[in-house]
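> any chance you could fold what I've pasted below:
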Amino acid sequence: YQRRVHGDSFISNTMTDIEDSSMFCFQCEQTFEGKGCISEKGVCGKTPEVAALQDLLIEVVKKIATYASLARTVGYANKATDIWILDALFATLTNVNFDEKRMDEYLREGALKLKAVQVAYAEACAKKGTYPKGVKNGDWEYKPNLKTLIEEGRMFILTKEPEDINVKSTKQLTLYGLKGCAAYLHHAMRLGFEDDAIYDMLNGILYKITTNLTFEEAIGVSLKTGELGYKILEILDKANTTSYGHPEPTTVRMTPLKGKCLLVSGHDLKDLELVLKQSAGKGINVYTHGEMLPCNAYPKLKGYKHLVGHYGGPWQNQKVDFHNFPGPILMTTNCIIEPRKTYINRIFTRCAVGWPGVAHIPKDDMSVVIESALKEPGFTADAPKKELVIGFAHHTVLSLAGVIVDAVKKGAIKHFFLIGGCDGTESERSYFSDFAKAVPKDCIVITLGCGKYRLTGIDFGAIEFEGKKIPRLLDAGQCNDSFSAIQIAVALAGAFKCTVNELPLSLVISWFEQKAICVFLTLLHLGIKNIVLGPRLPAFVTPKLLGILVEKFAVRPIGTVEADMKYLMSKKAQNYSQQHPLTFHL
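Have a look, this model is predicted:
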């Protein structure tokens, strides 16, 4: 964080330096040196060509969303356009799509969507007897030449329009939060759960960030994105639990069994269900990978007997996990990284995911990956059994609320720590496992997201209270299940008749990509304070914006385990929340 002593000039100079670069991207935590990827390839593996096409795609998305938002004011909406906006945003998320040809397809489709919504808006205005609003730079035409599109995309590196650096920083925060919102809403939409008001809100915010805003207005739009995030996480929770039942405590096998095998990675429950349905009775053992681990706790999904367990660890270990897995891999969402030659012919992508040379499955027919599973050798023997207990989402935890509240009141439980989020490769992320090990024995740890893999090897044991054993580690699920953690906190606050900030609860969050930004903004929207965030703060946040986050929300970068634990366990954090009420009007 030494760079922050240089003030706003750091990011100003960085943005000036990139004008002669072939690419610039700083949307994720792993961005080069905590500043930005400006070389011939991003840290994630994204090429300058793909980066340019994605920058152009975002500009096209903003134009379409602007017209879609305006059209709704005169009574016109188009669901296909709304879904396309979701998919296009999702495709630009970190570690989702690296394929130039797929980006070209999005742009070609975008040109058609833009023209259609422009015409529809004009016609709707004519019927209402009003004139269409003028839209700055609202037109765009597709050029059927990839090189031309790439050159055009390079004109939008962080947009070269003159704008206050702090406003630009805050708009980037909003845009990245919207990308995360789109990813979460995509999952709910696939399960048939949508809300036209949410599409309207998403398009409206995209429109808003194309307009001239003051710094204060830009912050308000970011918080509005948090409100949108909450609504989307709520509908996603409803989609998952209505479709597959409430997760329940489940012991999951973490080692393979003899036989043909198929691995499902990413986050998408619908794709896992499709695989399970279509592979039933074919002698194939299906395993989850990465953030798909919590799927083993859903009653309807674990009802498939050939869903035999979980294989491997977090997303960043996939080159080893996939190399060693003797069957095909289905990558349903992020995070894909450059496949090794040893498995590039047996990995398949779905929905927004893409990598050059990797087979893509555009529809819901999983026969190609199932046929691959039957051709590959599979595991030749059972591995020694190892197991993990998961499934402590809000429905399960709240069923124990009476016991937990009583244990807190009687001093058996002193504090709750939410330790989780996105994992990554940096050595600094060992902080989160070290912090978890340092949590006192009379405290509960709640985890979620792939950050859980930093904790699964630790024996937390249980707290014994009045003849009952309360597990000290509660796995709430995927990052997609962040609503569960929020509901647990809100319910506990209701039981204690206090605010969430007055609870004996601390949030120690690891972030990596834009879905984490969506959740972060959601927490800010809810007024939750004292979030400890790491391993590094976002590169796109200027010191002035950081100052607002510190002043109004007491956001803290991770420090040492000892200092952070002392602060969070003291009365200082609680006192700060009481003395610095939220003053922004949402």
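> so in terms of bridging, what pairs with the closest residue to Leu293 other than its chain neighbours?
Once flanking residues are discounted, Leu293 sits nearest to His310: 5.0 Å by CB to CB, 6 or more residues apart in numbering. Every residue, glycine included, has its C-beta placed from N, CA and C. Assessed by DSSP bridges, His310 has beta-bridge partners Thr288.
> burial count for His310?
25 (other CB atoms under 10 Å).
> ok, Val119 next?
There are 11 residues near Val119, going by other CB under 10 Å.
> what does Asp99 give?
What Asp99 shows, counting by other CB under 10 Å, is a neighbour count of 19.
> related to what we said a few turns ago, how about the residue nearest to Leu293, what does it touch?
Each residue near His310 by CB atoms under 8 Å, 6 or more residues apart in numbering is listed here: Val252, Arg253, Met254, Tyr287, Thr288, His289, Met292, Leu293, Asn296, Leu388.
> now do 7 Å
Val252, Met254, Tyr287, Thr288, Leu293, Asn296 (CB atoms under 7 Å, 6 or more residues apart in numbering).
> got it, and His360?
Contacts of His360 (CB under 7 Å, 6+ apart): Thr349, Gly354.
> quick one, phi/psi of it?
His360 adopts backbone torsions of phi -110, psi 140, taken as degrees, to the nearest 10.
> and the pLDDT for it?
Predicted confidence (pLDDT) for His360: 98.
> for it, give its distance to Ala68.
To Ala68, His360 is 27 Å away according to CB to CB, to the nearest Å.
> one more: Lys363?
On the measure of CB to CB, Lys363 and Ala68 end up 26 Å apart.
> tell me which of the two has more neighbours.
Ala68 (28 against 6).
> what's near enough to touch that one?
Thr81, Asp82, Val117, Asn203.
> again, but for Leu374
Taking CB under 7 Å, 6+ apart, one finds Lys260, Lys282 in contact with Leu374.
> do that again at 8 Å, thanks
Lys260, Lys282, Gly283, Ile284.
> in the sheet, who's paired with the nearest residue to His289 once chain neighbours are set aside?
Excluding its sequence neighbours, the residue lying closest to His289 (CB to CB, 6+ apart) is Ser265, at 4.0 Å. Ser265 has these beta-bridge partners by DSSP bridges: Met331.
> isn't Ser265 right next to Thr332, touching?
Yes. Using CB atoms under 8 Å, Ser265 is in contact with Thr332, at 6.8 Å.
> give me the common contacts of the two.
By CB under 8 Å, 6+ apart, the residues touching both Ser265 and Thr332 are Met292.
> which one is Lys437 nearest to, not counting chain neighbours?
Ile458 (6.1 Å).
> pLDDT wise, what is the residue nearest to Leu293 at?
For His310, the model assigns a pLDDT of 98.
> from Lys468, how far off is it?
For His310 relative to Lys468 (CB to CB), the value is 28 Å.
> do the same with Gly177
Distance from Gly177 to Lys468, by CB to CB: 40 Å.
> and Ile446, what are its bridge partners?
Assigned bridge partners for Ile446, using DSSP bridges, are Leu418, Leu474.
> residues near it, how many?
Neighbour number of Ile446 under other CB under 10 Å is 23.
> the nearest residue to Gly327 once chain neighbours are set aside sits in which helix or strand?
Computed as CB to CB, 6+ apart, the closest residue to Gly327 that is not its neighbour in sequence is Cys261, at 3.9 Å. Per DSSP states H and E: Cys261 is located in strand 260-265.
> packing partners for that strand?
Under the contact definition 3 or more CB pairs under 8 Å, 6 or more residues apart in numbering; DSSP states H and E, strand 260-265 sits against helix 269-279, strand 284-288, helix 318-324, strand 329-331, helix 367-375.
> pick the most buried one from these.
Highest mean neighbour count of these: strand 329-331, a mean of 30 (counted as mean count of other CB atoms under 10 Å).
> partners of whatever helix or strand comes next after it, with directions?
Later in the chain than strand 329-331, the nearest helix or strand by DSSP H and E is strand 347-350. Strand pairing for strand 347-350, using DSSP bridges, gives strand 329-331 (parallel), strand 359-361 (parallel).
> ok, which of the ones you listed comes nearest Thr396?
Nearest to Thr396 among the strands paired with strand 347-350 is strand 329-331; the distance by CB to CB comes to 28.1 Å.
> how much space separates the residue nearest to His289 from Met292?
Counting by CB to CB, the gap from Ser265 to Met292 is 6 Å.
> what touches both of these two?
Thr332.
> more neighbours: which of the two?
Per other CB under 10 Å, whichever of Ser265 and Met292 has more neighbours is Ser265, with 30 against 25.
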